[in-house]
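S.K.: Please find the sequence and the predicted model below.
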Amino acid sequence: MKKKRKVVEADDLFGEDAFAENTDDLFDSGAAVATPKDAAAPIQVKDARGKLTPEARLARFSELRELVDSHIGKRPSAKLAKKPEQVRNTAWQHLFSLATTKEQMEQVVEMIPRWRDAKRVFTPRMTEAFIRRCEELHCPTLALQVFADHTKYGVDLPNQSAARQLLHSLHSEHPLQESITLSALLAVYKLPSISDDLVSCAMLTSACFKANTPQSITVAKALVPSLQDLLAKNKPKKWRYPADPSVRNESKHLAWLVWTLAKVEKALTKQNQPYDWLRKWREQSGHSQIAT
């Protein structure tokens, strides 16, 4: 059974409050905020559903990007140069939520090195928002690019949850090498290895089987013992897809596990490999009734 991909609207990510009516709110008090030289023609801000129109979203994204860029740019005014801290962390999260294309996210990423040069850091919350938005806009390789070049961007992969999110977006729609690269980065950021995390191990094993090359099948088979050992350490618990959106978001990694283990079982069957251990665990946890 193939899951239907849900289109996520940026408005739904943080609510209407994410789009500050006053861009001054995204800068510390006392910061000098530039204003456009030429007043733009009035545009419709919200549609019939109360959501930002594409035109309004683009205008807000462009305005905020220019403001942030001017405050952390290579040649800010003398006054701004003395206060690189005036741009608030939330400005970046607003930029992520306003972006609707890979190209816009690339424009945001281009500014990150100057944030590092200003002795500022991305907090875990900022980084998680960045990864999530890259997944929603189908450009997780952009996030991988940032984490793979710490010297340039200075952004840490903060925790296991963030790593799982990125692996989830990479393993099903992108070349296997991208997932392998991320796996290698885990040690760099002192995070648990693939073979130590059940969800991540299942996703990479599935991706290797899916690639279906002699090399990838070899890697997949090498991962299977680790997956079997991790399942043995995790007692099967009955699980159902939560109806509550907030609970669903908190347990999304469990949903990923349900569907990924189903794919691994099919792959083991196709490869004529033993899979009774996996079928038993899925049946005891109720997974086999959710994903077949």
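M.R.: Ah, there it is.
S.K.: show me where pLDDT drops low in the stretch 151-292 of the chain?
M.R.: 241-243, 246-248 (pLDDT under 70).
S.K.: what about 80?
M.R.: Residues of the stretch 151-292 of the chain meeting the criterion pLDDT under 80: 238-250, 291-292.
S.K.: can you pull out the strands in it?
M.R.: In the stretch 151-292 of the chain, no strands are defined using DSSP state E, counting those that start in this stretch.
S.K.: just the helices in it please.
M.R.: 160-171, 176-188, 198-211, 214-233, 245-250, 252-270, 276-285, 287-290 (DSSP state H, counting those that start in this stretch).
S.K.: okay, those helices, which one's buried deepest?
M.R.: Among the helices of the stretch 151-292 of the chain, the stretch with the highest mean neighbour count (mean count of other Cβ atoms under 10 Å) is helix 198-211, at a mean of 24. (C-beta placed from N, C-alpha, C; glycine too.)
S.K.: Report the backbone C-alpha coordinates of it in CSV.
M.R.: What follows is helix 198-211 as a C-alpha-only set of coordinates in CSV (Å, rounded to 0.1, in the frame of the first residue of the first chain):
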residue,chain,number,x,y,z
LEU,A,198,16.5,1.3,15.2
VAL,A,199,14.7,3.9,13.0
SER,A,200,17.8,5.0,11.2
CYS,A,201,19.1,1.5,10.7
ALA,A,202,15.7,0.4,9.2
MET,A,203,15.7,3.4,6.8
LEU,A,204,19.2,2.9,5.6
THR,A,205,18.7,-0.8,5.1
SER,A,206,15.6,-0.1,3.1
ALA,A,207,17.4,2.4,1.0
CYS,A,208,20.2,0.0,0.3
PHE,A,209,17.8,-2.7,-0.8
LYS,A,210,15.9,-0.2,-3.0
ALA,A,211,19.1,0.9,-4.8
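S.K.: picking that back up, looking at the helices of the stretch 151-292 of the chain, which is closest to residue 56?
M.R.: helix 245-250 (25.6 Å; Cβ to Cβ).
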